[in-house]
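What follows is a protein structure lacking sequence information:
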């Protein structure tokens, strides 16, 4: 009996070195990581169903469900999948990001009820206005910046606004985040300069206050030069050095927020040549802008749609009815 033909992960996979966006990825590694991510999506989806609403484990399960899908998106981007294919897939990932943050609400309420007597006795407080995404945690902070910046560069305004709404309790706390969302909120904090994590992020914030574009580009370059060494602790950090049997947690190393900054400030990035800078994604954003096109517009409804879901097992991003 013949084995069923294995679907191509994207056109001309054998010529992957011609398409990949970073040099560490090769065919066998990509296939193995991608298959592992697809398995992880199934596992995390089931885990979400098994967790009781209002528990810490429910919040953690939602976070994992979001992470595995976003990492798969980054992997496909790194592999060279076409941006027109990747652009519509982001909305489904943002759905999971929103679900993660929504799951934190009943958990905080349950926590407040659990410690009500203790707080009454000792004068403590259980705050409800705490975001699931902990900006004090640099790894979670960077991940949120990456997702937001990808949405900005895909001109996916609906996703940007949904991310901002989901992280409402993280407003007014970090200058880089506020600069990135300034065009999408009614109360931009464009004068804010304080950041949650000084290194390396304060350097990129300086670019927003620099009148000289050449100096602003120099700041972006300096940021890119120092970005990677500050990502120690991320699941994917140094994954290219940990490849065994064509397997790893490598999804790509991308300072998407630097790309979003150059796009938003309309900086000439022709002199930027750094592996972690998503240059073609910035060019894609500029082409969409020049053509007056959006993946989704700012006036698109923010409600989560249950009508369709993205097929993550198909890099062509086919949308199918549920």
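Perfect, I can see it now. Model, not experiment: these values are computed from the prediction. Residues are numbered from 1 along each chain as shown.

Low-confidence bits of this protein, can you list those?
For the chain, applying pLDDT under 70 flags the ranges 1-18, 126, 305-322.

Let me see the ranges of the helices in it.
27-50, 56-79, 83-86, 90-114, 116-122, 138-153, 157-166, 175-181, 198-208, 213-227, 256-264, 279-290 (DSSP state H).

Please name the residues that touch residue 33.
Shown in contact with residue 33 (CB atoms under 8 Å, 6 or more residues apart in numbering): 75, 247, 248, 249, 250, 251. From N, CA and C alone the C-beta is placed, and that goes for glycine too.

Go again with 7 Å.
75, 248, 250 (CB atoms under 7 Å, 6 or more residues apart in numbering).

The helices of the chain: which one's closest to residue 234?
helix 138-153 (5.2 Å; CB to CB).

Show residues contacting the closest one.
70, 90, 94, 97, 133-135, 159-160, 163, 167, 176-177, 180, 196-197, 231, 233-234, 254, 256-257, 259-260, 263, 281-282, 284-285.

got it, and stretch 119-129?
With contacts defined as CB under 7 Å, 6+ apart, stretch 119-129 is touched by 108, 109, 111, 112, 115, 118, 169.

what's the most distant pair in those residues?
So, the contacts of stretch 119-129 by CB to CB: farthest apart are 118 and 169, at 22.9 Å.

Have a look at these two and say which one is more surrounded.
Counted by other CB atoms under 10 Å, residue 118 and residue 169 do not tie: residue 169 has more neighbours, with 18 against 11.

was I right about the more buried one contacting residue 134?
No: Residue 169 is not in contact with residue 134 according to CB atoms under 7 Å; the separation is 10.5 Å.

before we move on, back to that, top of the contacts of residue 33 by neighbour count?
Result: residue 250 is most packed of the contacts of residue 33 (other CB under 10 Å), 25 neighbours.

Look up how far residue 237 lies from that residue.
10 Å (CB to CB, to the nearest Å).

Please apply the same query to residue 132.
For residue 132, the distance to residue 237 - CB to CB - is 22 Å.

The two: which is more packed in?
residue 132 (25 against 18).

Now for the nearest residue to the more buried one once chain neighbours are set aside, how many residues are close by?
Among residues not flanking residue 132 along the chain, residue 104 sits closest, at 3.7 Å (CB to CB, 6 or more residues apart in numbering). Other residues within reach of residue 104, judged by other CB under 10 Å, total 22.

quick one on the thing from earlier: reformat the contacts of stretch 119-129 as JSON lines; add distance to residue 203.
As requested, the contacts of stretch 119-129 are arranged in JSON lines below (distance: CB to CB, whole Å):
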{"residue": "108", "distance to residue 203": "34"}
{"residue": "109", "distance to residue 203": "39"}
{"residue": "111", "distance to residue 203": "37"}
{"residue": "112", "distance to residue 203": "39"}
{"residue": "115", "distance to residue 203": "40"}
{"residue": "118", "distance to residue 203": "43"}
{"residue": "169", "distance to residue 203": "26"}
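
Show the buried residues in the residues you listed.
108, 111, 169 (16 or more other CB atoms under 10 Å).

Kindly reformat these as CSV containing distance to residue 28.
What follows is the buried ones among the contacts of stretch 119-129, written out as CSV (distance: CB to CB, whole Å):
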residue, distance to residue 28
108, 44
111, 45
169, 43
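
shouldn't the residue nearest to residue 132 be in contact with residue 134?
No: counting by CB under 7 Å, residue 134 is not a contact partner of residue 104; they are 10.2 Å apart.

Not counting sequence-adjacent ones, nearest residue to residue 200?
Using CB to CB, 6+ apart, the nearest residue to residue 200 is residue 226, at 4.4 Å.

Can you tell me how far the one you found is from residue 204?
Residue 226 is 10 Å from residue 204, by CB to CB.

more neighbours, those two?
Each of residue 226 and residue 204 has its neighbours counted (other CB under 10 Å); residue 204 has more, 28 against 14.

Looks like that one contacts residue 223 (just checking).
Yes: the criterion here is CB under 7 Å, and residue 204 meets it with residue 223 at 4.5 Å.

shared neighbours of those two, anything?
With CB under 7 Å, 6+ apart as the test, residue 204 and residue 223 both reach residue 258.

quick one on the thing from earlier: quickly name whichever of the contacts of residue 33 is closest to residue 300.
For the contacts of residue 33, the nearest to residue 300 is residue 75 (27.0 Å; CB to CB).

That closest one: what's it in contact with?
33, 34, 37, 251, 252.

Quick one: the residues you listed as TSV, columns for distance to residue 84 too.
What follows is these, written out as TSV (distance: CB to CB, whole Å):
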residue	distance to residue 84
33	23
34	19
37	21
251	21
252	19
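
Distance-wise, check the residue nearest to the spatial centre of the chain relative to residue 155.
Geometric centre of the chain, nearest residue: residue 147, 2.1 Å, by CA atoms, centre = their mean. Noted for residue 147: a distance of 15 Å to residue 155, by CB to CB.
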